[in-house]
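>>> Curious how this folds, go ahead:
(chains A and B)
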There are 2 protein chains.
Amino acid sequence: MQNYEEKTIKKETLYDGRIFTIEHHTVSLPNGKESTRDIVLHNGAVCVLAVKDEKILFVRQYRKAVESHVLEIPAGKLDTKTEDPLEACKRELEEETNFRANNWSKVMTFYPSPGYCQEALHLYQAEELEEVLEGALPADEDEFLDIVWIELEEALQMIHNGEIIDGKTIIAIQQYKMQLLESKLARIEENLTKVAKELA
Amino acid sequence: MQNYEEKTIKKETLYDGRIFTIEHHTVSLPNGKESTRDIVLHNGAVCVLAVKDEKILFVRQYRKAVESHVLEIPAGKLDTKTEDPLEACKRELEEETNFRANNWSKVMTFYPSPGYCQEALHLYQAEELEEVLEGALPADEDEFLDIVWIELEEALQMIHNGEIIDGKTIIAIQQYKMQLLESKLARIEENLTKVAKELA
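Purely as a prediction, here's the structure:
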């Protein structure tokens, strides 16, 4: 494999906002020429695949960037670059949905747009959910959302129909579907082995 | 479902770059208060799940935003907001990999980061691949990449290990795995029905 690293010759902050910072880098390319890269700096975020009986927990909120209401799994930014992602998951799940979970597992970390955006997104799976009936963490002041439970098969259909359009949410739904398909196949294979023995 | 639409009171362009534009919107919230939204405007992009014998075609390139080499499916920006995504897929596949495909199908359109970025990403599946041996479209001047074929099961393992970290690429791999699992299940069920008839 070739090394195509781009060395930073100069960088400039173009905008420093609440959600992201924009930097303009001048870089030297592998062929010695120069180019520029505009980069979105971001602390990183978390998202939660919360499941119960083959249903998935979603939030529905208005997203100004795409000018429409979007169904997403619960998610939120890290408060600082070094915040523990699992703690952030627990906070966001409770703030957005009033649920806590007793069983957490890491699914993966991925980058939604590594072509120009530094954001890393940490996906966790939450099971054994309990609704917090009193004193749950309050939602952010400028966040308005509905909580929606959707059956896995319906969620897959909604991806197909273009009703679920959020990348992290699609990854989470597909991940859950693969888990269930794999365990269904394993059960079938186990049963076939039993039947083969009985017939032998 | 509640309507949580946020109306634009004022908007301002903070930066107009080669890949994206940054806007700062002042919005009125559902409760009548005001807030601000920083938005990344983007023409949209395409990506291609190119498959052959359960192998997937990847490109590996340096991504300045995440300061590392990243394995991704072939992808690229739309030249204009109205460019036909399928035409863009064909161009990007040929420019980046020297392959053309005789069989194209739309998988889905999704939004990598609808929380702050307008970018829509159109995913197509390409089959019946043919290498262009002479006169293929040239790669972009500032793009340096390697072409890599990876077996589906190895690619899944690489997601698990954190060696494949690009969101669109993960969606494409999961999609392909689900297709194969579904057709494997369908074959098993068909065979079981046959066996049941023979035993009856």
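>>> Would you indicate which residues of the lowest-mean-pLDDT helix or strand in chain A are buried?
The weakest-scoring helix or strand in chain A, judged by mean pLDDT, DSSP states H and E, is helix A:167-199 (a mean of 94). With burial defined by 16 or more other C-beta atoms under 10 Å in any protein chain shown, the residues of helix A:167-199 counted as buried are A:Gly167, A:Lys168, A:Thr169, A:Ile170, A:Ile171, A:Ala172, A:Ile173, A:Gln174, A:Gln175, A:Tyr176, A:Lys177, A:Leu181. Quick note: C-beta positions are derived from backbone N, CA and C, even for glycine.
>>> Outline the domain layout of chain A.
Here the domain parsing of chain A from automatic domain parsing is A:7-41, A:45-111+A:120-184.
>>> Format those as JSON lines; extra columns: distance to chain B.
Formatted as JSON lines, the domains of chain A follow (distance: least, C-beta to the nearest C-beta, whole Å):
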{"stretch": "domain A:7-41", "distance to chain B": "4"}
{"stretch": "domain A:45-111+A:120-184", "distance to chain B": "4"}
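>>> Quick one, which of the ones you listed gets closest to B:Lys64.
Closest to B:Lys64 of those, according to C-beta to C-beta: domain A:7-41, at 4.2 Å.
>>> quick one on the thing from earlier: of the domains of chain A, flag the one that's most buried.
domain A:45-111+A:120-184 (a mean of 18; mean count of other C-beta atoms under 10 Å in any protein chain shown).
>>> of the buried residues of helix A:167-199, closest to A:Val48?
A:Ala172 (8.2 Å).
>>> Please list all residues in contact with that closest one.
By C-beta atoms under 8 Å, 6 or more residues apart in numbering or on different chains, A:Ala172 lies in contact with A:Cys47, A:Leu49, A:Ile56, A:Ile73, A:Val107, A:Leu123.
>>> Identify the neighbouring strands of the helix or strand containing A:Tyr124 in the sheet and state each direction.
Using DSSP states H and E, A:Tyr124 sits in strand A:121-131. With DSSP bridges as the test, strand A:121-131 is paired with strand A:45-52 (parallel), strand A:99-110 (antiparallel).
>>> right, so of those, which gets closest to A:Arg91?
Nearest of the strands paired with strand A:121-131 to A:Arg91, taken as C-beta to C-beta: strand A:45-52 at 8.8 Å.
>>> Compute the inter-axis angle for the closest one and helix A:167-199.
40 degrees (axes from the mean of the first three to the mean of the last three C-alpha atoms, to 10 degrees).
>>> Following the chain onward from strand A:45-52, which element is next?
Next along the chain after strand A:45-52, taking DSSP H and E as the criterion, comes strand A:55-63.
>>> List of residues touching that next one?
A:48-51, A:68-74, A:96-97, A:99, A:129, A:143-152, A:155, A:169, A:172-173, A:176, B:1, B:4-6, B:30, B:114-115.
>>> Just the ones of these in helices?
A:Glu96, A:Thr97, A:Leu152, A:Ala155, A:Thr169, A:Ala172, A:Ile173, A:Tyr176 (DSSP state H).
>>> These: which two are farthest apart?
Of all pairs drawn from the ones in helices among the contacts of strand A:55-63, the greatest distance, 20.2 Å, lies between A:Glu96 and A:Leu152 (C-beta to C-beta).
>>> Next, the contact list for the nearest residue to A:Val107 once chain neighbours are set aside, please.
Distances taken as C-beta to C-beta, 6 or more residues apart in numbering or on different chains place A:Leu123 nearest to A:Val107, at 4.3 Å, with adjacent residues excluded. Residues near A:Leu123 by C-beta under 8 Å, 6+ apart: A:46-49, A:106-110, A:168, A:171-172, A:175.
>>> one more time with 10 Å, if that's ok
A:45-49, A:73, A:75, A:85, A:89, A:106-110, A:168, A:171-172, A:175, B:170 (C-beta atoms under 10 Å, 6 or more residues apart in numbering or on different chains).
>>> Run the chain-centre distance for stretch A:46-53.
10 Å (C-alpha atoms, centre = their mean, to the nearest Å).
>>> Over to stretch A:139-148?
With C-alpha atoms, centre = their mean, you get 17 Å for stretch A:139-148.
>>> what distance separates the start and the end of it?
Start-to-end span of stretch A:139-148 (C-alpha to C-alpha, to the nearest Å) is 16 Å.
>>> Over that stretch, what's the mean pLDDT, rounded is fine.
Mean pLDDT, stretch A:139-148: 90.
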